[in-house]
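*Asks:* sharing a sequence plus its predicted fold:
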Amino acid sequence: MRRDFAITQSYKVAFYLDILLGVVDLCIYFFISETFPQATADLGGAPSYFAFVAVGLAVTIVIGATSTQLAQRVREEQLTGTLEALTVQPLTATELSLGMAGLPFFFAMVRVAVYLIVAGTLLGVSFAGADWVGFTVVLATSAAALSGIGVALGGLVLVIKRGAVLAGLFTFALSLLGGAFFPVSVLPGWLQAIGEVVPTKFAFDGLRAALYQGGGWEGDAVALAAIALVSLPVAMWLFGAALGYGRRSGTLVQY
């Protein structure tokens, strides 16, 4: 994580542009909500469409940090020739995968805070009745549940090399089906059935309940914790198996 932070610090413009682009996204959805002020679907307790989608955008950042960015980090290690050097260190597969995901995760937390502050102070979203303890609990359990997906996708990149694109498509689908940008209720019936059970649905619903209703997030947090308890051990095993395959076949240095 220290190494990744030092690399990130050497590209300060890109660092600040990442945050700025997220604020631009917020502004785009703000003006869309001003164009169509009357919502025609259930917004899960959010007072407006913009309040609804602001949470979706923030959580999508966490999804990216805990899933696609780990796959991207593995890919970067392959391309720069440092992956093999990392894998011969006295590290377990768990330490390696979580260490590579560490900085993207903490950077995502900073970005979530920035975007919610901008939404609350400049774009008129009210968090007056928010349960911040509940928000923190749901955010933490969301990150744990989604990290399992990210670690498994990192293992996929170890084996098929160019799996980062597939990882991006998969996590985008999770955001879309889970209700990041519009309620699940507006989807066709067969997609609604999928949207009701994806982990991101519990993350979006729980965070919106904590921020806009001040309660009702507990069930979503329990569901996310249960998903994390199952998915993380399985994902760690898959990452370790992929790492072992790469070592045995001598393909870790291939890209």
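*Replies:* Sure thing, it's come through.

*Asks:* residues in contact with residue 155?
*Replies:* Contacts for residue 155 (Cβ atoms under 8 Å, 6 or more residues apart in numbering) come out as 235, 238-243. To be clear about C-beta, it is placed using only N, CA and C from the backbone, and glycine gets the same treatment.

*Asks:* any regions of the chain where pLDDT drops low?
*Replies:* 37, 39-41, 66-67, 161-165, 167, 251-255 (pLDDT under 70).

*Asks:* helices or strands next to the longest helix seen in it in the packing?
*Replies:* What stands out as the longest helix in the chain, according to DSSP state H, is helix 218-249. Contacts defined by 3 or more Cβ pairs under 8 Å, 6 or more residues apart in numbering; DSSP states H and E place helix 218-249 against helix 83-87, helix 93-121, helix 132-160, helix 199-208.

*Asks:* for it, which positions count as buried?
*Replies:* Neighbour-count burial for helix 218-249, counted by 16 or more other Cβ atoms under 10 Å, picks out 220-221, 223-225, 227-228, 231-232, 235-236, 238-240, 242-243, 246.

*Asks:* can I get stretch 89-104 in CSV, CA atoms only?
*Replies:* Only the C-alpha atoms of stretch 89-104 are listed here, as CSV (Å, rounded to 0.1, in the frame of the first residue of the first chain):
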residue,chain,number,x,y,z
GLN,A,89,8.0,-12.7,-1.2
PRO,A,90,7.0,-14.4,2.1
LEU,A,91,3.3,-13.5,1.6
THR,A,92,0.2,-15.6,1.5
ALA,A,93,-2.3,-15.2,-1.3
THR,A,94,-4.7,-13.5,1.1
GLU,A,95,-2.0,-10.9,2.1
LEU,A,96,-1.1,-10.3,-1.5
SER,A,97,-4.7,-9.8,-2.8
LEU,A,98,-5.8,-7.6,0.1
GLY,A,99,-2.6,-5.5,0.0
MET,A,100,-3.0,-4.8,-3.7
ALA,A,101,-6.6,-3.8,-3.1
GLY,A,102,-5.8,-1.6,0.0
LEU,A,103,-5.0,1.7,-1.5
PRO,A,104,-7.9,1.7,-4.1
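
*Asks:* chain center to it: distance?
*Replies:* Between the centre of stretch 89-104 and the centre of its host chain there is 18 Å, according to Cα atoms, centre = their mean, to the nearest Å.

*Asks:* one more: stretch 197-208?
*Replies:* Chain-centre distance of stretch 197-208: 12 Å, with Cα atoms, centre = their mean.
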